[in-house]
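> Take this sequence and fold it.
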Amino acid sequence: MPRAPRKSDLPVKICATCGRPMEWRRKWARVWDEVRHCSERCRRSRKKAGVDGESPTGRDAFDR
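Numbering: from 1, shown residues only. Predicted coordinates for the structure are as follows:
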């Protein structure tokens, strides 16, 4: 039986809005390369600011 990865072994990214580190989550497994924001709140506040740089589809992990 494979052992579960330790928390320290999981990949980490920096949120594009708040700059805080965010760790890999199971629900993001299929879209980890597209995840840019740590939370729905950061994603919404980024859109209000009118900053370009959205993902090519105009969506991110929380839209799925």
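> pLDDT below threshold where in the chain?
For the chain, the stretches flagged by pLDDT under 70 are 47-64.
> where along it do the strands fall?
Here the chain has its strands, by DSSP state E, at 12-14, 21-23.
> What are the buried residues along the last one?
So that's strand 21-23. M22 (16 or more other C-beta atoms under 10 Å). The way it works is simple: take the backbone N, C-alpha and C, and place the C-beta from them, glycine included.
> Show me what it is packed against.
If you count contacts as 3 or more C-beta pairs under 8 Å, 6 or more residues apart in numbering; DSSP states H and E, strand 21-23 packs onto strand 12-14.
> Pipe the strands of the chain into a markdown table and attach distance to R46 per row.
Below are those laid out as a markdown table (distance: least, C-beta to C-beta, whole Å):
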| stretch | distance to R46 |
| --- | --- |
| strand 12-14 | 13 |
| strand 21-23 | 14 |
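> who touches S8 in this structure?
Contacts for S8 (C-beta atoms under 8 Å, 6 or more residues apart in numbering) come out as none.
> separation between it and P21?
For S8, the distance to P21 (C-beta to C-beta, to the nearest Å) stands at 12 Å.
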